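Participant: Let me see the structure of the following:
(one chain, ligands or ions: 1)
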Amino acid sequence: MSHFIIELSEQEIKREKDKARELRRSRWWQNRLAKGVCHWCGGTFPAVELTMDHIVPITRGGKSSRGNVVPACKECNSRKKYLLPMEWEEYITGARRKAEGGRDGDA
Ligand SMILES: [Zn+2]
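Facilitator: Numbering: from 1, shown residues only. As a prediction, this is how the structure comes out:
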């Protein structure tokens with residue numbers, strides 16, 4: 001009841017997508033890719049396998065700014081799109097545990 005939908009015009013969406021394209025070309029982004037770490041699962045990947053992911057999607061009012069974009073592996077990127085927020089939480093919790101070397105129990 002308290003949630004609201006942000007209405008974005010196509011123009012605004014296009015503007016943010018253009019900004020994302022610019023950001024992708026920036027040195028800042030290239031450096032992030034070079035580190036090769038997926039923001040979500042913490043796994044290490046070659047730069048070519050990482051994509052730019054918006055933490056808050058553009059369609060939800062998220063901006064293409066440094067604070068809102070992260071490198072994500074292909075698996076995380078596609079899962080994030082299709083999972084419910086709750087299922088996604090479970091997935092990254094499990095994936096991060098795996099990335100830490102199967103350590104568990106201290107949750
Ligand atoms: Zn990942």
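
Participant: so which helix or strand takes in the residue nearest in space to the middle of the chain?
Facilitator: Taking C-alpha atoms, centre = their mean, the centroid of the chain lies closest to residue 53, which sits 3.3 Å from it. Here residue 53 sits within strand 50-54, counting by DSSP states H and E.

Participant: Around the ion, pick out the residues from the protein.
Facilitator: Contacts of the chain with the ion, taken as C-beta under 5 Å from the ion, map to 38, 40-41, 73, 76. C-beta: built from backbone N, CA, C; applies to glycine.

Participant: among those, which two are most distant?
Facilitator: By the measure C-beta to C-beta, 40 and 73 form the most distant pair in these, at 7.6 Å.

Participant: where do the contact lists of those two overlap?
Facilitator: Counting by C-beta atoms under 8 Å, 6 or more residues apart in numbering, no residue touches both residue 40 and residue 73.
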